[in-house]
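In: this one's sequence-less:
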């Protein structure tokens, strides 16, 4: 187990180094950092002095080491476009994205698992067919289109829900939350639904197929033969065993929810990190782009690591050496 | 004579095959295929079918701007699905837009296929350090969502290009970004089948008679691993079209001067609050139907060609 942890940790560090290298290459070679920072009337001598001060004349290895060291300390540089430290900008917007992503993930679990269980238990009922159709539409309809349709119906035609922004937020330390005000909660409904919809269909389909597979196994037959109630069989034995892959997938999907938030944030003008990143792409604001890249990669690596280790804790069959098991 | 006989023979083999049978049996698939063919045909023939040329400024009249669809009071039969804020016919815009959407979808899927097949063949056939290297890259890439990678590549390439050339090169940048972000599935599948194929006798025979590695890989192994590739390609096409639409919707894809369906939806979204819903809804329906039809085709193909492939 310890060997596994060390190996996975080592792999994660390599991935982070590669991502940092990409971010550094972006930062250093796409556009000229100095000419982005100064005005037009700066003399060439001044620019050369700045170049020396910023260490841009040092060997590349030294520059990369400095970049990595600064990143580790949370010094991500200054945004070209907004002229403010990048870590401040991200600290402002991180709560918005995380709240949206977590609520969306929660929504997809709370609705997706029961739908999956139902369609798995009763595949031929009418309601199951309805759920199946919904899941097909959820896969084919692009996220942004679902968002726009919601805006049209609940925002423009019915006027029930706000169509953009976060509503009122309350500051708790550096964290700003919209979960404590009515307008904040109302503003959250449509974005969270939009973002959670795709995950919901994924979870529903997964639970359904796992459920159907488990129900065919011998121990379920024996449980029935023993005279256990349907309830005990379905929920105590079958559902419990389907949840291992569901937990894994959900864990892994939290990373992609954060990434997909870019789209939802654009549709609803939600002031999160995704919107910041998208505006950075439009204006070639490299420090923000590379910071976002590193931050997202960090989320992904940490989540993957945790899920991988949890998987080994939860499922005893995987505790053997992986290479042997995989053949 | 010989040729007609061969055509007859092939067509017999095709119409008697299991695949044709399972295709005929699934009504949904037949409908999906018809819809796909119809949409692709109308996209290719857009200049012939479209009642207006929406991107010729000379033909636009601002007096026509924001006309609702024909079946509304203010609508005219001249503009079936209404017009946008510039007076462009929505129906024609959709035809021209789906042309770009489908083109980018196909081209980027082809690019992903070429990269994936090549790397998959090489890593499966050569093995060793080359394989380990390629597959590690694949592992890292697949742990991030494809759309994020496409967005990044797109962003980087755009910031490398001079501003004034963005619009004309946008479509090619899109193809590059989407293609590079989707190669992993192809590579993994091809690698798997190549590892099985490479121990078979025909490969050994080819090796014995002294054919080069490249010839064996591309002339002999490749045709035998193409089955699963076609399935992935169909589903990949749907994903590529969706990715293109998303990037264009986010404003980093096809430019407003040559809009794809995603761009049309982006433009139309600004007018949603004015109640001019038709600028968004009709391109949206076109996109959803296209993606759904291709998806259904892909699902059927997966079940028909290889039930074990998930």
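Out: Okay, I see it. Just so we're clear, the structure is a prediction, and the values are computed from it rather than from any experiment. Residues are numbered from 1 along each chain as shown, chains lettered A, B, ... in the order given.
In: Where does the closest residue to residue B:220 other than its chain neighbours fall, secondary structure wise?
Out: The shortest distance from residue B:220 to any non-neighbouring residue, by CB to CB, 6 or more residues apart in numbering or on different chains, is to residue B:206 (5.4 Å). Every residue, glycine included, has its C-beta placed from N, CA and C. Here residue B:206, judged by DSSP states H and E, is contained in helix B:201-208.
In: swap in residue A:128?
Out: Going by DSSP H and E, residue A:128 is part of helix A:126-140.
In: In terms of secondary structure, what does that helix contact?
Out: helix A:86-121, helix A:182-215, helix B:278-305 (3 or more CB pairs under 8 Å, 6 or more residues apart in numbering or on different chains; DSSP states H and E).
In: Distance to residue B:177, mean neighbour count and mean pLDDT for the ones you listed - can I get that in CSV?
Out: Shown next, in CSV, are these (distance: least, CB to CB, whole Å; neighbours: other CB atoms under 10 Å in any protein chain shown; pLDDT from 0 to 100):
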stretch, distance to residue B:177, mean neighbour count, mean pLDDT
helix A:86-121, 23, 20, 87
helix A:182-215, 21, 21, 84
helix B:278-305, 19, 22, 84
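In: Output those in CSV; the columns should cover distance to residue B:92.
Out: Listed next are those as CSV, based on distance: least, CB to CB, whole Å:
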stretch, distance to residue B:92
helix A:86-121, 37
helix A:182-215, 30
helix B:278-305, 11
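In: List of residues touching the strand or helix carrying residue B:4?
Out: Assessed by DSSP H and E, residue B:4 sits inside helix B:2-15. With CB atoms under 8 Å, 6 or more residues apart in numbering or on different chains as the test, helix B:2-15 has contacts from residue B:20.
In: Which helix or strand lies directly C-terminal to it?
Out: That would be, after helix B:2-15 and using DSSP H and E, helix B:18-25.
In: Go ahead and name everything in contact with that following helix.
Out: B:14, B:29-30, B:33, B:300, B:303-305.
In: Kindly report the residues of the stretch 51-200 of chain A close to chain B.
Out: A:136-137, A:139-145, A:148-149, A:151-152, A:156, A:163 (CB under 8 Å from any CB of the partner chain).
In: try it again with 7 Å
Out: A:139-142, A:144-145, A:148, A:151-152, A:156 (CB under 7 Å from any CB of the partner chain).
In: Would you mind measuring from the nearest residue to residue A:249 once chain neighbours are set aside to residue A:115?
Out: The shortest distance from residue A:249 to any non-neighbouring residue, by CB to CB, 6+ apart, is to residue A:206 (6.0 Å). Between residue A:206 and residue A:115 the distance is 11 Å, computed by CB to CB, to the nearest Å.
In: same thing with residue A:99?
Out: 24 Å.
In: for chain B, what are the low-confidence residue spans?
Out: Along chain B, the parts satisfying pLDDT under 70 run over B:1-2, B:56-67, B:70-80, B:87, B:306-310.
In: need the helix or strand of chain A with the lowest average pLDDT.
Out: helix A:322-326 (a mean of 43; mean pLDDT, DSSP states H and E).
In: circling back to that earlier point, out of the helices and strands packed on helix A:126-140, the one nearest residue B:151 is which?
Out: Of all the helices and strands packed on helix A:126-140, it is helix A:86-121 that lies closest to residue B:151, at 15.3 Å by CB to CB.
In: Contacts only, for the closest residue in space to residue B:112 that isn't next to it in sequence.
Out: Using CB to CB, 6+ apart and skipping residues adjacent in sequence, the residue nearest residue B:112 is residue B:182, 4.0 Å away. Counting by CB atoms under 7 Å, 6 or more residues apart in numbering or on different chains, residue B:182 touches B:112, B:146, B:236, B:239-240.
In: can you count the residues close to the residue nearest to residue B:220?
Out: 17 (other CB atoms under 10 Å in any protein chain shown).
In: Any figure for the gap between it and residue B:189?
Out: 22 Å.
In: Check which helix or strand the residue lying closest to residue B:295 once chain neighbours are set aside maps to.
Out: Take residue B:295 and drop its neighbours on the chain: the residue closest to it by CB to CB, 6+ apart is residue B:238, 4.6 Å away. Using DSSP H and E, residue B:238 sits in helix B:226-250.
In: any idea which helix or strand comes after that helix?
Out: helix B:261-269.
In: Okay, angle between that next one and helix B:278-305 too, please.
Out: 150 degrees (axes from the mean of the first three to the mean of the last three CA atoms, to 10 degrees).
In: Return the nearest residue of the stretch 101-250 of chain A with respect to chain B.
Out: Distances between the stretch 101-250 of chain A and chain B by CB to the nearest CB are smallest at residue A:140, namely 3.8 Å.
In: The one helix or strand residue B:187 maps to - contacts with which helices or strands?
Out: Using DSSP H and E, residue B:187 falls within helix B:183-197. Applying 3 or more CB pairs under 7 Å, 6 or more residues apart in numbering or on different chains; DSSP states H and E, we find helix B:183-197 packed against helix B:90-126, helix B:128-142, helix B:226-250.
In: and residue A:46, how many neighbours?
Out: 12.
In: For the stretch of helix or strand it belongs to, what is the distance to the chain centroid?
Out: Using DSSP H and E, residue A:46 sits in helix A:44-54. Helix A:44-54 sits 40 Å away from the centroid of its parent chain (CA atoms, centre = their mean, to the nearest Å).
In: average model confidence for the following helix or strand past it?
Out: Downstream of helix A:44-54, the first helix or strand assigned by DSSP H and E is helix A:60-72. The average pLDDT within helix A:60-72 is 78.
In: go on, stretch A:306-320?
Out: Mean predicted confidence for stretch A:306-320 is 68.
In: Flag every buried residue along stretch A:266-280.
Out: A:266-268, A:270-278, A:280 (16 or more other CB atoms under 10 Å in any protein chain shown).
In: now those residues in a markdown table, with distance to residue A:250 and secondary structure?
Out: Output for the buried residues of stretch A:266-280, formatted as a markdown table (distance: CB to CB, whole Å; DSSP: H, G, I helix; E, B strand; the rest coil):
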| residue | distance to residue A:250 | secondary structure |
| --- | --- | --- |
| A:266 | 24 | helix |
| A:267 | 23 | helix |
| A:268 | 23 | helix |
| A:270 | 22 | coil |
| A:271 | 26 | coil |
| A:272 | 21 | coil |
| A:273 | 21 | helix |
| A:274 | 20 | helix |
| A:275 | 25 | helix |
| A:276 | 26 | helix |
| A:277 | 24 | helix |
| A:278 | 26 | helix |
| A:280 | 29 | helix |
